[in-house]
Structures are given as structure tokens and as C-alpha cells.
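Student: one predicted model, sequence on top.
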Amino acid sequence: MSTAQTPGPLPRGERIDYKIVLVLSLVHFIGDFYSSFFTPLLPAFQAKLSLTLTQVGLITGAVRFLSFVVQPVVGYMADRYETRWFVLTGLFLVFFVIPFSGIAPNYWILLTTLCLGSVGSSMFHPSTSGMVNLYAGNRAGFAQSIFNTGGTLAFALGPVFITSYVSRFGLSAMPWTMILGLVSFIFCLKYMPKPVSENMAGLGFINSLKHTFGKVYKTIFLIWLVMVLRAVVGQTFLTSCPFT
């Protein structure tokens with residue numbers, strides 16, 4: 001009679017480190033939570049500053065452009081320098097700068113605050129998403145799903161929160177919303193580990209891309225192109241919704 005062998009504890013490298021994965025997911029949540037503020041508030045900004053639809057479109061385009069185009073450069077820099085400050089500086093820019101958009105006295109300051117927040121978003125995304133697999137053990141898919149849920153949940157709750165908040169207290173009270181981000185920032189400052197690079201610092205930016213993508217660069221480019229087109233259509237729809 002055969003007896004089923006009870007599996008022993010997983011080796012350390014195969015265990016998922018839930019604490020670190022949840023800390024990284026918290027960074028993702030807080031960053032995307034504040035990043036989701038500006039779209040539903042566009043009609044309020046338009047009414048306050050007498051913005052034209054062209055100016056509204058320029059804000060949205062600049063914010064989305066900076067949120068994505070900076071990421072490859074920051075990702076390369078994060079591999080070159082193993083430091084937490086890409087993540088922490090990015091998170092700080094998001095939760096500290098974006099709330100001040102509520103008291104922006106003119107179009108250019110509004111644009112500047114939102115663009116700085118978008119640069120911050122670009123700074124923490126590559127490092128945190130790259131760190132998830134290091135602490136996922138043999139459950140990389142599950143760990144990434146937790147991390148991605150943090151961002152998706154933020155974009156679901158952020159607009160609900162900020163529209164309710166501004167409806168009650170007004171745009172001028174937006175800076176007070178940074179308290180939530182500050183508490184989370186202190187928590188992340190204490191518990192978030194230092195990133196570990198992939199040792200491609202000496203390859204240079206272009207060679208790092210070639211080393212990473214290899215022979216599948218055409219496939220990666222097509223996927224990237226589909227994502228860009230999807231984002232263009234989706235963002236156009238999201239921008240026009242508050243005005244319809």
C-alpha cells in the first residue's frame with residue numbers, strides 16, 4: 001500500500017513574500033489613486049479657469065504622454081542604479097503635487113502640476129513591477145495579479161473619492177487629500193526593499209533593449225503598438241465622457 005508523500009515546506013526562493021508584494025501593491029494603488037483624480041475633475045477645472053476644449057485636450061495628452069514615454073528611460077536607470085529613490089521620489093511627486101492642482105490659479109500651473117505628477121507615475125511603475133517577480137517565489141502570476149489589482153482598484157476608487165470630496169469641500173480643499181498619501185509613503189519608506197538590477201548597466205540603453213527583447217522584438221513592437229492604439233481610443237473616450 002503506497003502512502004502519499006506530504007510535500008515539505010517550499011525552499012525560501014520558492015515562497016511568495018506576501019509582505020513585500022503587498023507593499024509594492026500599495027505603492028501601485030496610491031500612485032494610481034492620485035493619478036486618477038484629474039480626468040473626472042476636468043469639467044471643474046474648465047469652469048474654474050475658463051479652459052477651452054483644446055486646452056483640456058492638451059492637458060490630457062501631456063499627462064498621458066509623460067505617464068508612459070518616460071517609463072523605458074526610468075526603467076533603464078533603475079537597472080543601472082539599485083536605489084529605492086526612483087520609487088519613493090515618483091510616489092512623492094504623485095501624492096504631493098497632484099492635489100495642488102485644485103488651487104492652481106491658471107492653466108499653465110495646472111498643466112505643470114499634472115505633468116509633474118505624471119512624471120512621478122512614470123518613475124515608480126517600472127521599478128515596482130520589476131520587483132514583484134523577485135518576491136513572487138514560484139507564484140509569479142499570482143503575485144503580478146495582486147500588484148495589478150492594486151492599480152486597477154485605484155482607478156476604480158480614485159474618481160469616486162475625488163468627485164465626492166470636491167463636491168462637498170471644493171477644489172481648494174484638494175491639498176488636504178495628500179494626508180492619505182503621506183501615511184502610505186511613510187509605511188513604504190519603512191518596509192519597501194531596495195530594487196535588484198538585472199546587471200545590464202554596462203550595455204547602454206539601446207543594447208539593453210536588444211538584450212531584453214532579442215529575436216522577439218517584432219512581436220513586442222506589435223503588442224506595444226496595439227496598446228498605444230488602445231490607449232488613444234480609451235483616453236479619448238474617458239476625456240470626452242465628463243463633458244457629455
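Tutor: Yep, that arrived. Numbers count the residues shown, from 1 in each chain.
Student: only C-alpha atoms for contact and neighbour calcs from this point on.
Tutor: Will do.
Student: quick one: distance of the top helix by length along the chain to the chain centre.
Tutor: In the chain, ranked by residue count with DSSP state H as the criterion, the top helix is helix 140-169. Distance of helix 140-169 from its chain centroid, counting by Cα atoms, centre = their mean, to the nearest Å, is 11 Å.
Student: show me which residues of that helix are buried.
Tutor: Using 16 or more other Cα atoms under 10 Å as the test for burial, helix 140-169 gives 140, 143-144, 146-148, 150-151, 154-155, 158-159, 162-163, 166.
Student: and stretch 101-119, by the same measure?
Tutor: In stretch 101-119, counting by 16+ other Cα under 10 Å, buried: 101-104, 107, 110-119.
Student: give me the residues contacting it.
Tutor: Stretch 101-119 is contacted from outside by 35, 38, 45, 49, 51, 59, 62-64, 66-67, 70, 90, 93-95, 97-98, 100, 171-175, using Cα atoms under 8 Å, 6 or more residues apart in numbering.
Student: now do the contacts for Gly75.
Tutor: Neighbours of Gly75 in contact, by Cα under 8 Å, 6+ apart: 123, 126-127.
Student: secondary structure element holding it?
Tutor: In this assignment (DSSP states H and E), Gly75 forms part of helix 71-80.
Student: give the buried residues for that helix.
Tutor: So for helix 71-80, counting by 16+ other Cα under 10 Å, buried means 71, 74-80.
Student: for the host helix or strand of Leu88, name the packing helices and strands.
Tutor: In this assignment (DSSP H and E), Leu88 forms part of helix 85-97. If you count contacts as 3 or more Cα pairs under 8 Å, 6 or more residues apart in numbering; DSSP states H and E, helix 85-97 packs onto helix 18-35, helix 107-132, helix 178-191.
Student: tell me the angle of it relative to helix 107-132?
Tutor: Orientation check (axes from the mean of the first three to the mean of the last three Cα atoms, to 10 degrees): helix 85-97 against helix 107-132 gives 140 degrees.
Student: quick check: angle from helix 85-97 to helix 18-35?
Tutor: 40 degrees.
Student: residues contacting Pro99?
Tutor: So Pro99 contacts 34, 174-178 (Cα under 8 Å, 6+ apart).
Student: so is it in a helix, a strand, or just coil?
Tutor: Assigned with DSSP: H, G, I helix; E, B strand; the rest coil, Pro99 falls in the helix class.
Student: which residues touch the nearest residue to Ser25 once chain neighbours are set aside?
Tutor: Leaving aside its chain neighbours, Ser25 sits nearest to Phe147 (4.5 Å; criterion: Cα to Cα, 6 or more residues apart in numbering). Each residue near Phe147 by Cα under 8 Å, 6+ apart is listed here: 21-22, 24-25, 28, 129, 132.
Student: and if you look at Val70?
Tutor: Here Val70 is in contact with 119, 122-123 (Cα under 8 Å, 6+ apart).
Student: against Ser121, how distant is it?
Tutor: Using Cα to Cα, to the nearest Å, one gets 9 Å for the distance from Val70 to Ser121.
Student: Ala104 now?
Tutor: Applying Cα to Cα to Ala104 and Ser121 gives a distance of 20 Å.
Student: could I get the pLDDT score of Tyr18?
Tutor: Tyr18 is assigned 87 on the pLDDT scale.
Student: then Met174?
Tutor: We have a pLDDT of 96 for Met174.
Student: from Asn148, how far off is it?
Tutor: From Met174 over to Asn148 the distance is 26 Å, taken as Cα to Cα.
Student: and the furthest pair within the buried residues of stretch 101-119?
Tutor: Ile103 and Val119 (19.9 Å; Cα to Cα).
Student: quick one: low-confidence parts of this protein?
Tutor: 1-13, 196-214, 217, 235, 237-244 (pLDDT under 70).
Student: which element is Ser67 on?
Tutor: helix 53-69.
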